[in-house]
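Visitor: I need the structure of the sequence given here:
(2 chains)
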Number of protein chains: 2
Amino acid sequence: MPEEPLPSWRTGQTKDAILSFFALVDQIPVPERVAVFDNDGTLRCEKPRYTQLEFMLRELREAVRVDPELAQRPEYRALIEEDASRVQEMGLERVLTALVDLSAGITPEEFDARVRAFFDDERHPDRDVPYRNQRYQPMLELVDALRAHQFDVYVVSAGGAEFVRTISQEFYAVPPEGVVGSQIAYDFVRDDSGVPRLVRTAKLVGGPNEGEAKVPNIQRLLGRRPVVAGGNSAGDAEMLEYAMAYPGPSLALLVDHDDTDREYAYESVAGTFAADESITQTARRLGWTVASIQNDWSSVFVS
Amino acid sequence: MPEEPLPSWRTGQTKDAILSFFALVDQIPVPERVAVFDNDGTLRCEKPRYTQLEFMLRELREAVRVDPELAQRPEYRALIEEDASRVQEMGLERVLTALVDLSAGITPEEFDARVRAFFDDERHPDRDVPYRNQRYQPMLELVDALRAHQFDVYVVSAGGAEFVRTISQEFYAVPPEGVVGSQIAYDFVRDDSGVPRLVRTAKLVGGPNEGEAKVPNIQRLLGRRPVVAGGNSAGDAEMLEYAMAYPGPSLALLVDHDDTDREYAYESVAGTFAADESITQTARRLGWTVASIQNDWSSVFVS
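Guide: Purely as a prediction, here's the structure:
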């Protein structure tokens, strides 16, 4: 541990809550020290659009350049024309499925190369910095402090597992198998000489990794039980509740996006119990630790 | 690396093939150094019965002790009476499903405790040694040598993922998230005060992790592509073929159980291409490296 832990966290109730948790960490057997973090909006900025959506839109532009006919598909046309009302009319699921179709039929290695090219070439549309600079400095410090206390740290995202895996090692020092995300099904196919390969399909295995589904998916894929969980939206609620249910010291941390100047201000609605409850209301009701970006973080992004 | 690598491997063609592979390892980028091993019959002895089946039979005896009525269920009665012909009549799937029912409704932590108690209490029926002593010394040396060459090593088993995870760290230094196995579905439930927990069901997610299924499951769960694969049965064939298809140096190793004196002699049949082909015939046709327990291993078990 450095002399002063969590330097980008301002002194106050939230930092105190985190430090109080660390003070109790000896009560948790080392093999049970497991921390899970949502990705978009928790470890890194998810606005103005999810990074994976930006990637998919780049894939769409490239696909249409190669085959202009594609632009006739209604979902693609609505996206290319940035027709938000038509996108909304079709529904996010239909539009996303159409976008996932763009990478059906390619191998995991080809997909990985495309995602890496995206992160190499593209910059955040508002801040004009590389996407790696969209990570939250205070959260990286928290991850480091957890590791200094012998925690294993995992990323649990509603985003595509393979998309997140391309950057998880570089961004968070989390290896590919430490990422739980939404999973694309693969087909096992053979070429004419019988040599096998895997190709992506457009089908999801087991639905999106979001909300309640995150909890069994953590157990099935990692075989670990979280004691620390970080999130920022209603889709993280059950994961945070599950960490809080650990029979010992635990930490459920909600990142509250309330800083219009340095980041974005927005609120996730539709909690577990009350459809009209905001996630910060859920947090206060259930005793989670709330990190206000405006008040608790002296700096927001890595530099 | 020790002075003499693989000390329990006898000098000969097989050891030479492994050492030749290590001589080429610089051609494989470090992040691509991925090795996968089947568990039963590859890293450890699977005879006279799968260890997981021994565990399930112990669970059955205990369940019947608590509730003698259970013995009336036909699958259980056939097992208790060791009536092999009735077990065969019912089919392995029906009998296994009945056994998986015994741990439905308990939490992952309770299941973990039961499996640990089994490994603490029980001994191998023929050799009368703890189950940890059923590991193959030459294979552990191979795993160590791979790690010395910066390989990440994973276990890919048709056995239950959660069963294998209880011992993977102690037996192989593989953490729970490094185990790909057959997956039980979990239910997310809440107690009267709303506190969530996971409970096991008797349902498999996505079928058994065996044969062709091992390949997409490795990609989906680990996000890695194997370059080295070890197996011992037809259920490992596609995984070994996939490792061999890596565009660079690769190693597909088949453990051949041909040692009646020191282990067991048996042959897995039903390969990928030819239903009547034995797995050692498949190995020779496809150019895999075959490790004969009788000829290539100077010692078999860890001591």
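
Visitor: for the rest of this, base every contact and every neighbour count on C-alpha atoms.
Guide: Will do.

Visitor: buried sites along the helix or strand harbouring A:Glu170?
Guide: Assigned by DSSP states H and E, A:Glu170 belongs to helix A:161-172. Buried residues in helix A:161-172, counted by 16 or more other CA atoms under 10 Å in any protein chain shown: A:161-168, A:171-172.

Visitor: which helices and strands sit right next to it?
Guide: Helix A:161-172 sits against helix A:108-121, strand A:179-190, with contacts defined as 3 or more CA pairs under 8 Å, 6 or more residues apart in numbering or on different chains; DSSP states H and E.

Visitor: get me the contact residues on the stretch 1-150 of chain A for chain B.
Guide: A:Pro108 (CA under 8 Å from any CA of the partner chain).

Visitor: how far off centre is the helix holding A:Glu170?
Guide: 10 Å (CA atoms, centre = their mean, to the nearest Å).

Visitor: contacts for that helix next, please.
Guide: Residues outside helix A:161-172 that contact it (CA atoms under 8 Å, 6 or more residues apart in numbering or on different chains): A:52, A:108, A:112, A:115-116, A:132, A:135, A:140, A:155, A:157, A:174-176, A:179-183, B:220, B:223.

Visitor: and those, which of them are buried?
Guide: A:52, A:108, A:112, A:115, A:132, A:135, A:140, A:155, A:157, A:174-176, A:179-183, B:220, B:223.

Visitor: once you drop chain neighbours, what's closest to whichever residue of the stretch 201-303 of chain A sits closest to chain B?
Guide: As assessed by CA to the nearest CA, chain B sits closest to A:Leu222 within the stretch 201-303 of chain A, at 4.1 Å. Spatial nearest neighbour of A:Leu222, chain neighbours left out: B:Glu177 (4.1 Å); criterion: CA to CA, 6 or more residues apart in numbering or on different chains.

Visitor: number of residues surrounding the one you found?
Guide: Using other CA atoms under 10 Å in any protein chain shown, the number of residues around B:Glu177 comes to 23.

Visitor: residues contacting it?
Guide: Counting by CA under 8 Å, 6+ apart, B:Glu177 touches A:177-178, A:221-224.

Visitor: what does the stretch 201-303 of chain A put close to chain B?
Guide: A:212, A:215-216, A:219-224, A:238, A:241-242, A:245.

Visitor: mind redoing it with 10 Å?
Guide: Proximity of the stretch 201-303 of chain A to chain B (CA under 10 Å from any CA of the partner chain) is limited to residues A:205-206, A:212-213, A:215-225, A:238-239, A:241-246, A:273.

Visitor: just those residues: which are in helices?
Guide: Among those, the members found in helices (DSSP state H) are A:215-222, A:238-239, A:241-244.

Visitor: sketch out the low-pLDDT regions of the stretch 101-250 of chain A for me.
Guide: Along the stretch 101-250 of chain A, no part satisfies pLDDT under 70.

Visitor: mind checking how far stretch A:99-114 is from the chain centre?
Guide: On CA atoms, centre = their mean, the centre of stretch A:99-114 falls 20 Å from that of its chain.

Visitor: ugh, wrong one, I meant stretch A:216-228
Guide: 16 Å.

Visitor: endpoints of that stretch, how far apart?
Guide: Start-to-end span of stretch A:216-228 (CA to CA, to the nearest Å) is 16 Å.

Visitor: give me the angle between the longest helix along chain A and helix A:108-121.
Guide: In chain A, assigned by DSSP H, the helix with the most residues is helix A:51-66. Per axes from the mean of the first three to the mean of the last three CA atoms, to 10 degrees, the angle that helix A:51-66 makes with helix A:108-121 is 100 degrees.

Visitor: residues of helix A:51-66 that come out buried?
Guide: Residues of helix A:51-66 classed as buried by neighbour count (16+ other CA under 10 Å): A:51-52, A:54-57, A:59-61, A:63-64.

Visitor: can you pull the domain assignment for chain A?
Guide: A:13-47+A:133-183+A:205-296, A:51-106 (automatic domain parsing).

Visitor: going along the chain, name the strands of chain A.
Guide: Using DSSP state E, the strands of chain A run over A:34-37, A:152-160, A:179-190, A:196-205, A:228-231, A:251-256, A:289-292.

Visitor: for chain B, what's the nearest residue on the stretch 51-200 of chain A?
Guide: For the stretch 51-200 of chain A, CA to the nearest CA, closest residue to chain B: A:Glu177, 4.1 Å.

Visitor: wait, A:Asn232 sits on A:Leu43?
Guide: Yes - using CA atoms under 10 Å as the test, A:Asn232 is close enough to A:Leu43 to be in contact (9.4 Å).

Visitor: shared neighbours, the two?
Guide: Taking CA atoms under 10 Å, 6 or more residues apart in numbering or on different chains as the criterion, A:Asn232 and A:Leu43 both touch A:37, A:255.

Visitor: and the residue nearest the centre of chain A?
Guide: Nearest to the geometric centre of chain A sits A:Asn39, at 2.3 Å (CA atoms, centre = their mean).

Visitor: so how far is A:Gly178 from the closest residue to that one other than its chain neighbours?
Guide: Counting by CA to CA, 6+ apart, A:Asn39 lies nearest to A:Ser157, which is 5.4 Å off, once chain neighbours are set aside. For A:Ser157, the distance to A:Gly178 (CA to CA) stands at 11 Å.

Visitor: overlap of the contact sets of those two?
Guide: Common contact partners of A:Ser157 and A:Gly178 (CA under 10 Å, 6+ apart): A:Val36.

Visitor: circling back: what count of nearby residues applies to the residue of the stretch 201-303 of chain A closest to chain B?
Guide: Using other CA under 10 Å, A:Leu222 is surrounded by 25 other residues.

Visitor: quick one: it and B:Val174 touch, right?
Guide: No - using CA under 10 Å, A:Leu222 makes no contact with B:Val174, being 11.9 Å away.

Visitor: let's have the strands of chain A in TSV, adding distance to A:Arg127.
Guide: Output for the strands of chain A, formatted as TSV (distance: least, CA to CA, whole Å):
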stretch	distance to A:Arg127
strand A:34-37	24
strand A:152-160	22
strand A:179-190	26
strand A:196-205	32
strand A:228-231	23
strand A:251-256	20
strand A:289-292	21
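
Visitor: can you say which of these is nearest to A:Asp126?
Guide: Distance to A:Asp126, taken as CA to CA, is lowest for strand A:251-256 among these, at 20.0 Å.

Visitor: report the angle between that closest one and helix A:237-244.
Guide: Per the same axes, to 10 degrees, the angle that strand A:251-256 makes with helix A:237-244 is 150 degrees.

Visitor: quickly run through the sheet partners of strand A:251-256, with directions.
Guide: Here strand A:251-256 is paired, per DSSP bridges, with strand A:228-231 (parallel), strand A:289-292 (parallel).

Visitor: distance between the first one and the chain's centre?
Guide: It stands for strand A:228-231. Remark: strand A:228-231 is offset 11 Å from the chain centroid, using CA atoms, centre = their mean.

Visitor: ok, and what's touching stretch A:244-251?
Guide: Counting by CA under 10 Å, 6+ apart, stretch A:244-251 makes contact with A:17-18, A:20-29, A:32-33, A:35, A:225-230, A:238-243, A:252-253, A:286-289, B:195-197, all of which sit outside it.

Visitor: oops, could you answer that again for stretch A:4-23 instead?
Guide: Stretch A:4-23 is contacted from outside by A:25, A:136-146, A:149, A:228, A:249-253, A:288-293, A:295-301, using CA under 10 Å, 6+ apart.
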